[in-house]
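Student: The sequence and its predicted three-dimensional model are supplied below.
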Amino acid sequence: MPIQLEEEIFGLAVNPFTKSPEMVRRYTLSNSKGMSVSVIQLGAIIQSVRLPDAYQKVDDVCLGFEDIASYLATKSSYIGGTLGRVANRVANGEYEVNDVKVKVTKNFKNKYQLHGGFVGFDSVIWEVVQKSEEGVVFRHMSPHNHEGYPGNLACLITYQLDEENRLWVRFEATTDRPTMVNISNHAYFNLAGHGAGAKALAEHTVEIAANHIVETDGDQIPTGQLVNVDDTVYDLRLPVLLGDRLRQFEERPIKGFDNCFVVNDGQLQKSVTKVAKIVHPASCRVLEVWTNQPGMQFYTANNLPDEMNGEAPIIGKDCTHYIKHGSFCVETEKFPDAMNHPDFPSIRLEAGEKYRHEALYWFKVEESWKCCCNDPA
């Protein structure tokens, strides 16, 4: 049976460029294995990822909302959204090209730019240029000088689901003058279910094929150095239990993982390779992350509300609570603030060149975990 595509109205949102309300549609791709992926035009957001576990219980493992208002109210968490033009941080909201300083917007405490600025790619309504069993293709034309970046940037995002439970995400971009591009996605996952919370996240094991991380300062701005992970909490080259590792952050300024891991030997690859594997043993669900990018930001939702200490949770789908350490992000990318560090892989895009970024989220069920885990039902 081929991949099925369903299209439906999701809601109304105001276009940040025209200031007019526009209809936002949701597109759901489904395969014969019981897996489905929903994406919406607002922010080209991954709104839902549903799949069975080893006991044929179907859960949504991706955090999200059922209405536009909730996405707007939680914009600072970037739940499911596309990050761009430049994902992650830009120090002091500026960089230099040929001794000419380019100033971009500073949307984080007026100190630096985060995830593309005030109106990043997560906030725009993407045009749909293709919708079929072959996938959904979104397009956005980012105008010259938007959020400070030069060049008219034409962007495409392709979401494709196959019968092997692989979700392919392809980012492409072209420009009419030199600019900076480093696009990513900020989907939050919990393989026990999107609302399973911190207890279930602690049961996950994580493995990341990285010998180094990008060193950052107290504001999480890169210093320009790469740090070897040997004998540190960041050594995830062999599977570790996430709950055990998170406890080692309790006395640290940043209470969990929010680091760019250097994968693929820090080089852009011609094709995707496996860089991470996350497992939830109780459900036997597995997520493998494959990419052609040199970096992957691993984030454990440290900045979501701390419900244990009295903060009000974010209310997600099915009235579930989204909280601190209740989910994780695996954001494939080039390194943060790369335009200010000449030794980092370049994020400069010239006119006539094409930016290509591939990410593959491969969802599996490894029934071998059944032998050591009880049926969660």
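Tutor: Noted; the coordinates are in hand. Numbers count the residues shown, from 1 in each chain.

Student: how about the helices in this protein?
Tutor: 68-73, 197-202, 242-247 (DSSP state H).

Student: Quickly compare those helices and say which is most buried.
Tutor: helix 197-202 (a mean of 19; mean count of other Cβ atoms under 10 Å). Backbone N, C-alpha and C define where each C-beta goes, glycine included.

Student: what about dumping the CA coordinates of it to CSV?
Tutor: Taking C-alpha atoms only, helix 197-202 is exported to CSV below (Å, rounded to 0.1, in the frame of the first residue of the first chain):
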residue,chain,number,x,y,z
GLY,A,197,7.1,13.4,31.1
ALA,A,198,10.4,13.4,33.0
LYS,A,199,10.1,10.0,34.6
ALA,A,200,9.7,8.3,31.2
LEU,A,201,12.5,10.5,29.6
ALA,A,202,14.8,9.3,32.4
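
Student: give me every residue that touches residue 229.
Tutor: Shown in contact with residue 229 (Cβ atoms under 8 Å, 6 or more residues apart in numbering): 210-213, 235-237.

Student: any weak-confidence spans in the stretch 51-200 of the chain?
Tutor: For the stretch 51-200 of the chain, no stretch is flagged by pLDDT under 70.

Student: hang on, the earlier thing: could I get the contacts of residue 229 in JSON lines, plus columns for distance to residue 123, neighbour count and pLDDT?
Tutor: Formatted as JSON lines, the contacts of residue 229 follow (distance: Cβ to Cβ, whole Å; neighbours: other Cβ atoms under 10 Å; pLDDT from 0 to 100):
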{"residue": "210", "distance to residue 123": "31", "neighbour count": "25", "pLDDT": "98"}
{"residue": "211", "distance to residue 123": "36", "neighbour count": "16", "pLDDT": "98"}
{"residue": "212", "distance to residue 123": "33", "neighbour count": "18", "pLDDT": "98"}
{"residue": "213", "distance to residue 123": "29", "neighbour count": "24", "pLDDT": "98"}
{"residue": "235", "distance to residue 123": "36", "neighbour count": "16", "pLDDT": "98"}
{"residue": "236", "distance to residue 123": "32", "neighbour count": "24", "pLDDT": "98"}
{"residue": "237", "distance to residue 123": "36", "neighbour count": "13", "pLDDT": "98"}
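
Student: and of those residues, the nearest to residue 88?
Tutor: Distance ranking of those against residue 88, using Cβ to Cβ, places residue 213 first at 13.2 Å.

Student: From residue 260, how far off is the closest one?
Tutor: Relative to residue 260, residue 213 is positioned 6 Å away (Cβ to Cβ, to the nearest Å).

Student: The nearest residue to residue 93 once chain neighbours are set aside: neighbour count?
Tutor: Nearest residue to residue 93, sequence neighbours excluded (Cβ to Cβ, 6 or more residues apart in numbering): residue 106, at 3.7 Å. As a burial measure, residue 106 scores 18 neighbours (other Cβ atoms under 10 Å).

Student: Also residue 139?
Tutor: Neighbours of residue 139 (other Cβ under 10 Å): 15.

Student: Okay, and the beta partners of it?
Tutor: Counting by DSSP bridges, residue 139 forms beta bridges with residue 127, residue 156.

Student: ok so, going back, a markdown table for the contacts of residue 229, including distance to residue 200?
Tutor: Listed next are the contacts of residue 229 as a markdown table, based on distance: Cβ to Cβ, whole Å:
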| residue | distance to residue 200 |
| --- | --- |
| 210 | 25 |
| 211 | 29 |
| 212 | 30 |
| 213 | 26 |
| 235 | 24 |
| 236 | 19 |
| 237 | 24 |
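
Student: Which member of these is positioned nearest residue 320?
Tutor: Among the contacts of residue 229, and counting by Cβ to Cβ, the member closest to residue 320 is residue 236, at 27.3 Å.

Student: Next, the contact list for that closest one, please.
Tutor: Residue 236 sits in contact with 206-208, 210, 229, 245, 261, 298, where contact means Cβ under 8 Å, 6+ apart.

Student: I'd like to know how far the closest residue to it other than its chain neighbours sits from residue 123.
Tutor: Of all residues not flanking residue 236 in the chain, residue 208 sits nearest, at 4.2 Å (Cβ to Cβ, 6+ apart). Relative to residue 123, residue 208 is positioned 29 Å away (Cβ to Cβ).

Student: These two - which one has more neighbours?
Tutor: residue 208 (25 against 22).

Student: Distance check, that one against residue 295.
Tutor: Counting by Cβ to Cβ, the gap from residue 208 to residue 295 is 11 Å.

Student: Good, we can wrap up now.
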